[in-house]
Structure formats: C-alpha cells, structure tokens
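**Q** the following comprises the amino acid sequence and a computationally predicted model.
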Amino acid sequence: MSKLLDARARENGTKFLIYPQSKTVPGFEQPEVVYIDSSPGAIKAGPEDDRIYVVDALNKIPFGDPGSPPFSYPYKGEHSPPVPPNADGHFDHLHPGSREFSAATMYATVRRVMDIWQDYFDKEIPWPSKVPKLLLIPSVEWNNAHSGFNGFLEFGYPLKPGSNDFDRENPYCENFDVLAHEVGHTIKYSVIGIPKREETFEYGGHHEAFGDLVAIVSSLHFDSVINSLLQNTAGNLFSINELSRVGELRNGRSIRIAFNNKKMPDVSREAHDLSEPFTGGAFDILVEMFQIDLIERGLISQELGNRAYDAHFNEVPEVQQQFKSIYLGKESEFRDALLDARDRFGKLMAKAWSKTSAEGLHYGDVLRNILNADQELYKGKYERTIRSCFDWREITTGTLVEAPKLETHIVDELIKL
C-alpha cells in the first residue's frame with residue numbers, strides 16, 4: 001500500500017486491533033490499532049462488508065475432512081452471533097482473548113492485506129471462485145489453517161509445546177504472518193490461477209513463496225514492525241530479523257526463514273522446501289532495493305553496502321557497527337527509505353505476477369516477468385540486482401524442474417512444523 005493510501009486510511013478509516021507478530025514474540029505482546037480503508041459505519045456486524053464476511057462457526061469439522069458438510073454460500077452451520085461495531089462504527093473496543101476479538105482481528109487482517117495488495121496491483125482482486133463473499137472462519141478445533149479455492153479461509157489452533165492440547169490463547173487467526181500467508185494464496189488463485197493440465201513442482205513451490213512474500217511486505221505496514229526492525233538491525237537487513245521470520249510462533253520458532261542460503265540443488269521437491277530459494281532470492285531483492293535507496297540518499301556508502309551484501313550469512317561485527325553509527329540520529333531517513341523500497345518491491349512483484357501463467361509454471365518464467373516488470377516500472381534500474389540475487393540461488397530464466405506433480409491441491413496445509 002502506498003504511503004498516500006495508508007495516510008488516507010488513517011484519516012478516514014475504521015479502527016481494529018491486530019497483533020503485528022505473534023504475541024508470544026517479545027515486543028509484540030499487545031495488539032496495534034490499524035485503520036481499514038472503509039469509513040466508520042460502512043462495516044457491518046460480523047464483521048461483514050460487501051466482499052468479506054466472518055462466521056464464528058461452532059462445533060465445525062474443517063472443510064474437506066470426513067463428515068464435514070460441503071462448502072456453500074452463505075454458511076448455514078451453527079455459529080455465534082455476529083460481532084457488532086461500537087457506537088462510532090469501530091471495532092477496536094473488543095477484548096483480546098475473546099472469540100469476538102478473534103473474529104474481528106481475522107477480518108481486519110484479511111481486509112488490511114487486500115487493501116495493501118489491491119493498491120500494488122492497481123485493481124480490485126476478485127475472489128478466485130467468483131463467490132459473492134469470502135468466508136472467514138476463525139476458530140475450528142484443528143491444528144492447521146487453510147485457504148480454499150472455492151472461497152474461504154478456515155483457521156484452528158497450534159498445539160501447546162510438548163502437548164496434544166490446543167493452545168487456545170494463541171489461535172492461528174490472530175497470527176498476522178500465518179493469516180497473511182493464506183490470504184496470499186487466495187490472491188494467487190485469482191491472479192495466477194490453478195493449472196488446468198498439470199501442476200509443476202515449481203508451481204507448488206511458488207505457491208508457498210507467493211504467500212511468504214505477501215506476508216513479509218504486508219508486515220511492513222505496521223509501525224511497530226518497522227521500528228523494531230530498524231532499531232534491532234540499524235538498517236542492515238542482511239540478517240535474520242523480524243521481517244525475515246515468516247509465521248513466527250512461540251519461543252522464536254518460525255515456519256520458514258526468508259533470509260536463507262538455500263539454492264535449487266539444496267532442496268527437495270516438497271512445496272515448502274522448494275519455495276525457499278525463490279523466497280530467499282526475492283527477499284534479497286527487497287533488501288537490495290532498500291540498500292540502493294540508502295546509497296542514493298547518501299546515508300551509507302557504496303562500499304558499506306557491498307560489504308553488507310558480501311557478508312550476507314557471515315556476521316561481520318565491524319559492518320554492523322558502521323550501520324549503527326550511521327543510523328543513530330537518522331532514524332526517520334532510514335524509515336522513509338525502507339517504506340519506499342517496500343512499495344517499489346510490492347509494485348514490482350504485483351506487475352510480474354500479473355503476467356505469470358499457472359500453466360507449466362517454472363521459476364525461470366517468473367524471473368523473466370520480474371525483469372520485464374522492472375523494465376516497465378523502473379526502466380531496468382534493478383536488473384543487475386534481480387539477476388544476481390536469483391543467479392546465486394541457481395535460478396535463471398532457463399530454470400526448470402522437469403517432473404510434474406500429478407494432482408492440483410486446492411487446500412494449503414500451511415502449518416508444517
């Protein structure tokens with residue numbers, strides 16, 4: 001979402017509360033007020049608007065499991081009463097820990113992510129199945145979360161460490177990264193679609209990478225994430241940090257790490273594993289775009305930027321110390337550069353994904369579309385960066401992983417710990 005649209009939402013939007021990261025992560029124990037780009041009063045009890053509705057289903061079996069009724073619109077099963085706004089039309093009065101809060105924060109997360117990415121795609125993103133409204137179900141007795149092509153997001157609970165009991169204090173629907181990742185799948189179903197003939201291994205890997213990148217960019221729209229990220233890194237993002245942890249859970253565990261050293265020969269053909277070189281390469285582009293902006297603003301030298309990139313996975317204390325000495329007193333300049341890089345990267349990926357086909361999808365095709373998008377948006381400014389970030393991963397415009405998968409999966413089983 002552009003800074004202009006974000007400012008408009010703050011001025012005239014509807015307030016909700018969202019945890020920017022898992023509330024088990026130090027520094028993120030309290031939810032943050034966010035503004036959805038709809039005027040107060042426009043969002044009905046549920047919450048519900050003209051495209052999304054939440055149903056706090058009771059005694060429900062997950063869609064697709066034995067005994068579950070088939071998906072239908074509207075949802076007809078047993079459920080709690082719709083959650084109403086307060087007298088001013090806002091939803092930030094709800095108490096964390098309640099089912100009403102879970103319903104509202106799930107709605108707000110989905111709307112927030114859609115607001116962000118519809119701005120980058122510069123159009124309304126239709127639901128992939130043409131269903132009138134996307135169904136959100138926040139609380140199912142289930143240790144998983146999934147996105148259904150036919151028009152729903154359904155979430156359960158993680159297990160307590162070392163136990164088979166559900167951790168009801170930390171439902172997946174309140175974990176911004178996990179939910180934003182699943183919204184990313186919904187966006188991908190609409191923008192790129194599902195192959196009608198065969199699903200390549202790289203389609204599955206890119207499916208997971210798409211969700212990771214949507215979550216990463218979306219998380220950069222929280223003040224607390226930006227502030228924590230820059231304070232902890234002093235602007236040297238070539239490190240494991242809040243931004244690079246995708247789906248962070250209790251005790252520092254993450255579903256995947258975007259800042260990784262995975263190359264194509266290093267990974268299996270399982271979708272989550274295969275996603276890591278692509279996610280890592282794209283994440284490196286985002287960080288490089290940020291560093292290029294810092295150099296152009298005169299905040300860091302080209303030499304320091306090169307040393308940070310070359311160090312990459314090897315901690316070099318003197319590089320970090322140089323970043324710290326520069327960052328102090330120039331926090332706002334670093335913040336502006338990061339927001340600009342965020343929006344440039346978001347628009348770059350949206351443009352590339354708009355040109356990507358599900359049929360016979362290979363990483364080389366997506367890379368070619370990223371290069372073309374850079375040419376169209378930025379006159380090829382980042383071509384060298386894009387190529388080097390993916391070349392290192394052994395992803396080129398000719399990259400193929402030949403053997404196709406035999407069936408198309410509709411439901412993403414995300415929580416693979």
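**A** Sure, I can see it. Residues are numbered from 1 along each chain as shown.
**Q** measure the closest residue to residue 23 other than its chain neighbours to residue 177 for me?
**A** Taking C-beta to C-beta, 6 or more residues apart in numbering as the measure, residue 23 lies nearest to residue 29, with 5.3 Å between them; neighbours along the chain are not counted. For every residue, glycine as well, the C-beta is placed using N, CA and C. With distances taken as C-beta to C-beta, to the nearest Å, residue 29 is found 16 Å from residue 177.
**Q** neighbour count winner among the two?
**A** Regarding residue 29 and residue 177, a neighbour count based on other C-beta atoms under 10 Å identifies residue 177 as having more, with 29 against 12.
**Q** could you give me the average pLDDT of the helix or strand hosting residue 277?
**A** Element membership of residue 277, judged by DSSP states H and E, is helix 271-296. This predicted structure assigns helix 271-296 an average pLDDT of 94.
**Q** and it, how far out from the chain middle?
**A** Centroid separation between helix 271-296 and its chain, computed with C-alpha atoms, centre = their mean, to the nearest Å, is 14 Å.
**Q** and stretch 63-78, by the same measure?
**A** Here the centre of mass of C-alpha atoms in stretch 63-78, compared against the chain's by C-alpha atoms, centre = their mean, lies 27 Å away.
**Q** now do it: distance from first to last residue.
**A** The first residue of stretch 63-78 is 14 Å away from its last residue (C-alpha to C-alpha, to the nearest Å).
**Q** geometric centre of this protein: which residue is closest?
**A** Centroid-nearest residue in the chain, with C-alpha atoms, centre = their mean: residue 215, separated by 1.0 Å.
**Q** pretty sure it is touching residue 181, no?
**A** Yes: between residue 215 and residue 181 there is a contact under C-beta atoms under 8 Å: 4.5 Å.
**Q** pretty sure the residue nearest to the centre of the chain sits in a helix.
**A** Yes: the secondary structure assignment for residue 215 places it in a helix, going by DSSP: H, G, I helix; E, B strand; the rest coil.
**Q** so what's it closest to, chain neighbours aside?
**A** Here the nearest residue to residue 215 in space, its sequence neighbours aside, is residue 180; by C-beta to C-beta, 6+ apart that works out to 3.9 Å.
**Q** helix or strand right after the helix or strand encompassing the one you found?
**A** Of the helices and strands defined by DSSP H and E, residue 180 is found in helix 176-191. Tracing the chain past helix 176-191, the next element assigned as helix or strand by DSSP H and E is strand 199-200.
**Q** that next one: how far from the chain's middle?
**A** Strand 199-200 sits 23 Å away from the centroid of its parent chain (C-alpha atoms, centre = their mean).
**Q** swap in stretch 205-217?
**A** Its chain's C-alpha centre and that of stretch 205-217 lie 6 Å apart, by C-alpha atoms, centre = their mean.
**Q** for it, buried residues please.
**A** Within stretch 205-217, the residues that qualify as buried by neighbour count (16 or more other C-beta atoms under 10 Å) are 205-217.
**Q** in a markdown table: these, plus pLDDT and distance to residue 190.
**A** Supplementary listing: the buried residues of stretch 205-217 in a markdown table, determined by pLDDT from 0 to 100; distance: C-beta to C-beta, whole Å:
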| residue | pLDDT | distance to residue 190 |
| --- | --- | --- |
| 205 | 95 | 19 |
| 206 | 96 | 15 |
| 207 | 94 | 13 |
| 208 | 92 | 17 |
| 209 | 94 | 17 |
| 210 | 96 | 11 |
| 211 | 93 | 13 |
| 212 | 90 | 18 |
| 213 | 94 | 16 |
| 214 | 95 | 12 |
| 215 | 92 | 17 |
| 216 | 90 | 20 |
| 217 | 93 | 17 |
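**Q** in CSV, list those residues along with distance to residue 62.
**A** Written out in CSV, the entries for those read as follows (distance: C-beta to C-beta, whole Å):
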residue, distance to residue 62
205, 25
206, 25
207, 20
208, 20
209, 25
210, 23
211, 19
212, 23
213, 26
214, 23
215, 22
216, 27
217, 28
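**Q** residue 106: which of these is nearest?
**A** Looking at those and their distance to residue 106, the nearest is residue 215, at 14.7 Å (C-beta to C-beta).
**Q** please enumerate the strands of the chain.
**A** For the chain, applying DSSP state E gives strands covering 14-18, 32-36, 52-54, 134-137, 145-148, 152-155, 199-200, 245-248, 254-257, 404-405.
**Q** of these, which is nearest residue 341?
**A** The stretch from the strands of the chain with the least distance to residue 341 (C-beta to C-beta) is strand 245-248; that distance is 18.4 Å.
**Q** and that closest one, average pLDDT?
**A** Averaging pLDDT along strand 245-248 gives 50.
**Q** for stretch 155-172, same thing?
**A** The pLDDT scores in stretch 155-172 average 90.
**Q** CA atoms of it as CSV?
**A** C-alpha atoms of stretch 155-172 as CSV (Å, rounded to 0.1, in the frame of the first residue of the first chain):
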residue,chain,number,x,y,z
PHE,A,155,-8.2,-21.5,10.9
GLY,A,156,-7.6,-23.5,14.0
TYR,A,157,-5.0,-23.6,16.9
PRO,A,158,-1.4,-24.6,17.4
LEU,A,159,-0.6,-27.3,19.9
LYS,A,160,1.0,-26.4,23.2
PRO,A,161,4.7,-27.3,23.3
GLY,A,162,5.2,-30.9,24.1
SER,A,163,1.4,-31.5,24.3
ASN,A,164,-1.6,-32.6,22.2
ASP,A,165,-3.7,-29.9,23.8
PHE,A,166,-4.7,-26.8,21.7
ASP,A,167,-3.0,-23.5,22.6
ARG,A,168,-6.3,-21.6,22.7
GLU,A,169,-4.5,-18.4,23.8
ASN,A,170,-2.7,-18.2,20.5
PRO,A,171,-5.1,-19.1,17.7
TYR,A,172,-3.7,-19.0,14.2
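**Q** buried sites along it?
**A** For stretch 155-172, burial by neighbour count (16+ other C-beta under 10 Å) applies to 155-158, 166-167, 170-172.
**Q** one more: stretch 30-42?
**A** Of the residues in stretch 30-42, those buried under the neighbour-count criterion (16+ other C-beta under 10 Å) are 31-32, 34-38, 40.
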